[in-house]
Structures are given as C-alpha cells and as structure tokens.
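K.L.:
structure for this input, please:
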Amino acid sequence: GSNRCAIIGMIDGMGTDPFPIEPGDVDLCEAQFPGRTGWLAPGEVYSDIFATMEFATAIGITVIEPAANSGMDMDQDGIYFDDGPNLNGRAQDSGAIMVGAAPGGTTSRAGWSNCGERVDLFAWGTGVVTTSYPGGGFDWEGSPLPFPNVPETYYTNKFSGTSSASAIIAGAATLLQSYA
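P.N.:
So this is what the prediction gives:
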C-alpha cells in the first residue's frame with residue numbers, strides 16, 4: 001500500500017484498477033513534495049500531479065490536498081519549476097481543494113503553513129486528537145491519557161500541520177458527499 005492519494009497512485013502505476021476512484025468520491029492527497037528552491041510544496045507544483053488532479057476534479061472527484069508546511073507565500077515569482085504549473089495568484093488551478101493550517105481555535109494562518117491565493121481555506125493545524133498507535137513519536141502529550149494502557153483506544157494529540165487540516169476538510173467533504 002501507499003500513503004499517498006489514489007490519483008497519484010495512477011501516475012505511479014500502483015494498484016490493479018486503472019482508476020481506483022470514481023465520480024462522487026473524496027480523495028485526500030496527503031503528501032508534500034520538494035519545491036524548486038527546496039521549500040515543501042503541494043503536489044500540484046508537478047505537471048503530472050497537476051494534470052491528474054485537474055482530470056479527477058473535472059470528472060467529479062473531490063480532491064483535497066495540503067498546502068504543505070514551509071511558511072511559503074505561494075504568490076511569489078521564481079519559486080515554481082520552469083516546466084511546471086504556476087500557482088502564483090491562481091495563475092493555474094487544478095480544481096483540488098488546497099488546505100492551509102491555522103493554530104487551533106484561531107482564524108489566523110499558522111506561520112509554518114504555506115499560503116497564497118491558491119489556498120482555498122484553513123483548518124485546525126495543531127494538537128488534533130485522533131486515533132494512533134504507541135511509539136513512533138505519536139504518543140499522547142501531557143496528561144492524563146484518556147484511556148491509559150488500553151491499546152484498542154490509543155489516541156494522539158500530536159497530529160498537526162497541513163496534514164491534520166486537510167484530513168479535517170476531507171472528513172467534512174465526505175460527510176457532505178454522503179448527503180449529495
């Protein structure tokens with residue numbers, strides 16, 4: 001399996017189904033990639049990912065992607081690949097919902113979240129509580145642990161960044177799609 005989104009799997013030729021998702025589905029593309037100058041960038045700065053996201057959204061798939069965590073203003077010149085899409089000021093837009101991160105309980109952008117006109121919205125990006133597993137840096141921080149010593153109910157409160165923000169928006173989009 002891959003930790004990347006289904007549409008990127010199509011580019012890589014992963015999986016057996018040529019198009020593992022269909023119109024009406026929600027696809028969370030939970031990844032960030034190196035940008036031209038070393039900054040962490042959303043996947044659609046690469047031409048193949050941009051084209052795949054554009055195709056997926058055109059046929060009715062809701063694509064959610066994190067804006068990435070470099071604190072970069074994406075409305076700058078010279079930060080995009082010469083042969084790739086230019087997201088500066090929405091010069092190009094794949095149709096994916098791009099999500100930035102905000103500190104929990106605020107309406108301001110987190111300093112480490114990428115921003116710019118291409119970012120569609122911001123969601124909670126710090127201290128998000130979700131299911132987890134012991135070890136690997138995702139242990140519960142502070143006390144008390146909600147259900148200590150019960151592996152089936154293990155949680156973390158360290159899920160953060162544009163990853164947590166995007167997951168929250170993907171959940172909301174999925175809920176909305178269930179009523180469509």
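
K.L.:
contact partners for Gln76?
P.N.:
Gln76 sits next to Asn88 when contact means Cβ atoms under 8 Å, 6 or more residues apart in numbering. For glycine as for every other residue, the C-beta is placed from the backbone atoms N, C-alpha and C.

K.L.:
wouldn't Met98 be in contact with Asp120 here?
P.N.:
Yes - using Cβ atoms under 8 Å, Met98 makes contact with Asp120 at a distance of 5.2 Å.

K.L.:
any stretches of this protein with poor pLDDT?
P.N.:
Along the chain, segments meeting pLDDT under 70 span 1-20, 134-136, 143, 145-148, 151-153.

K.L.:
about what we covered before: and Met98 and Asp120? Which one has more around it.
P.N.:
Higher neighbour count among Met98 and Asp120: Met98, with 28 against 16, using other Cβ atoms under 10 Å.

K.L.:
are we agreed that that one is in a strand?
P.N.:
Yes - applying DSSP: H, G, I helix; E, B strand; the rest coil, one finds Met98 inside a strand.

K.L.:
so what's it up against?
P.N.:
Pro42, Glu44, Glu65, Pro66, Ala67, Arg118, Val119, Asp120.

K.L.:
separation between it and Val26?
P.N.:
Between Met98 and Val26 the computed distance is 14 Å (Cβ to Cβ, to the nearest Å).

K.L.:
do the same with Thr156
P.N.:
Distance from Thr156 to Val26, by Cβ to Cβ: 23 Å.

K.L.:
next one: Asn88
P.N.:
Distance from Asn88 to Val26, by Cβ to Cβ: 27 Å.

K.L.:
same check on Val129?
P.N.:
Where Val26 is concerned, Val129 sits at a distance of 21 Å (Cβ to Cβ).
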